[in-house]
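Novice: Following is a predicted model, sequence given first.
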Amino acid sequence: MKLALIVVNYNDIIDTKRYITKVQQYQIIDKIVVVDNKSTEPQNSFELLKQLENKKVDVIQTEKNGGYTYGNNFGIDYLKSKNEEYDYYAISNPDIDISEEAIKRCISFLEENKKAGMVAPRMLNGDGKAIRRSAWKYRTIKREIVHATRISELLFYKVLRDGEYLEEDYKNPELKVEVISGAFFIIKKEVLDKINMFDENVFLFYEEDILAMQLKEQGYEIYSLNNINFRHYESQAIGKSFNYFKKMRELYNSKMYYHTTYTKLNKIQVLIFRLLHGIRIIELLVEVPVRKILKK
């Protein structure tokens, strides 16, 4: 059994250095690849990250910032180019904290369960409190329509909560889920081979949902192991570099790609999504100035 850890860095050098310094000591991890996704801050990010290199840690850089899935594929392809084979890949944000024992238990679960293709511990926030959306259910058309605007969210909040797992569900030590957070998970190599790597057609948003559909199509299951956990500090370096309107455009583009590709959105539903997107833009024209005032 061999495990490689892929960590994509974008303008988050402090978290990345802290994280790699710790996990490189874990014996369960055979190789660590830090992928600098063409960081812009600081300008010498790549050179600074290169200082982390040793026999176990490789630091590489992409030619562009292609987003989450692009960066992870870049790291895995790098290992393949060196003819290095691994049975499992841990995909991780740099702004997390996880124990070696938690990683070992994830691997053991995957070893013992053939249908399980991907697994993650329960996700906590920096204060150690459980994050509600550590995992969630498939994004149905109905839930997406409700989630499209602030008004619909307020009116039909119960529909959104139906798309989430309850704390009662998380009491199960091994919970089969539909979608799980991409902050940290471990996936089998055989799964990546069958789904032909991560789908790079989205830059930001919906990456986990697309991955879940890829696994579903190949008959694999996803599990949340709730007796173990990791902390996610959510620095969100990429998100901070986007303004509200750019985020909304990326969200809409990813949503449309996901639904037209994986849930077969029809023409009427496409029109509904476009209309609701327009309403959300109008809402933002009011929200953004109010948020700026509240920050002062």
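Specialist: Structure received. Numbers count the residues shown, from 1 in each chain.
Novice: Give me the spatial nearest neighbour of residue 180, chain neighbours excluded.
Specialist: residue 135 (4.5 Å; Cβ to Cβ, 6 or more residues apart in numbering). To be clear about C-beta, it is placed using only N, CA and C from the backbone, and glycine gets the same treatment.
Novice: Might you calculate how far the helix or strand where residue 214 lies sits from the centre of the chain?
Specialist: Using DSSP states H and E, residue 214 sits in helix 207-217. In terms of Cα atoms, centre = their mean, to the nearest Å, the centre of helix 207-217 is set 11 Å apart from its chain centre.
Novice: Give me the packing partners of that helix, helices and strands only.
Specialist: In this structure, helix 207-217 makes packing contacts with helix 68-81, strand 116-124, strand 179-180, helix 189-195, strand 221-232, helix 244-258, judged by 3 or more Cβ pairs under 8 Å, 6 or more residues apart in numbering; DSSP states H and E.
Novice: which residues touch residue 107?
Specialist: The contact partners of residue 107, taken as Cβ atoms under 8 Å, 6 or more residues apart in numbering, are 1, 3, 28, 88, 186.
Novice: Report the buried residues of the strand or helix carrying it.
Specialist: If you go by DSSP H and E, residue 107 is part of helix 100-112. Under the neighbour-count criterion of 16 or more other Cβ atoms under 10 Å, helix 100-112 has 102, 103, 105, 106, 107, 109, 110 buried.
Novice: Same list, those, but as a markdown table with distance to residue 139 and pLDDT please.
Specialist: Below are the buried residues of helix 100-112 laid out as a markdown table (distance: Cβ to Cβ, whole Å; pLDDT from 0 to 100):
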| residue | distance to residue 139 | pLDDT |
| --- | --- | --- |
| 102 | 28 | 98 |
| 103 | 29 | 98 |
| 105 | 29 | 98 |
| 106 | 25 | 98 |
| 107 | 29 | 98 |
| 109 | 26 | 98 |
| 110 | 25 | 98 |
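Novice: Now do the phi/psi pair for residue 61.
Specialist: Per-residue torsions, residue 61: phi -130, psi 140 (degrees, to the nearest 10).
Novice: Repeat that for the one 4 residues further on.
Specialist: As for residue 65, its main-chain torsions (degrees, to the nearest 10) stand at phi -90, psi 90.
Novice: Tell me how far it lies from residue 209.
Specialist: Look at residue 65 and residue 209: by Cβ to Cβ, to the nearest Å, they are 21 Å apart.
Novice: quick one: which of these two has more around it?
Specialist: residue 209 (22 against 18; other Cβ atoms under 10 Å).
Novice: got a list of what the more buried one touches?
Specialist: 138, 139, 179, 258, 262.
Novice: redo that, cut-off 7 Å
Specialist: 139, 179, 258 (Cβ atoms under 7 Å, 6 or more residues apart in numbering).
Novice: cool, and residue 54?
Specialist: Counting by Cβ under 7 Å, 6+ apart, there are no residues that residue 54 touches.
Novice: rerun at 10 Å
Specialist: 20, 24, 32 (Cβ atoms under 10 Å, 6 or more residues apart in numbering).
Novice: In the chain, where's the longest helix?
Specialist: Using DSSP state H, we find that the single longest helix of the chain is helix 267-295.
Novice: got the buried residues for that helix?
Specialist: 269, 272, 273, 276, 277, 280, 284.
Novice: quick one on the thing from earlier: so which of the contacts of residue 107 is surrounded by the most neighbours?
Specialist: Busiest of the contacts of residue 107 [other Cβ under 10 Å] is residue 88, holding 25 neighbours.
Novice: For residue 29, see how far away the closest residue to that one other than its chain neighbours is.
Specialist: Nearest residue to residue 88 in three dimensions, chain neighbours excluded: residue 3, at 4.7 Å (Cβ to Cβ, 6+ apart). Relative to residue 29, residue 3 is positioned 6 Å away (Cβ to Cβ).
Novice: tell me, what's touching those two both at once?
Specialist: By Cβ under 10 Å, 6+ apart, the residues touching both residue 3 and residue 29 are 88, 90, 103.
Novice: can you tell me which residues contact the closest residue to the last one other than its chain neighbours?
Specialist: The reference is to residue 103. Leaving aside its chain neighbours, residue 103 sits nearest to residue 28 (5.2 Å; criterion: Cβ to Cβ, 6+ apart). Taking Cβ under 10 Å, 6+ apart, we find residue 28 in contact with 1, 3, 5, 88, 90, 100, 101, 102, 103, 104, 106, 107.
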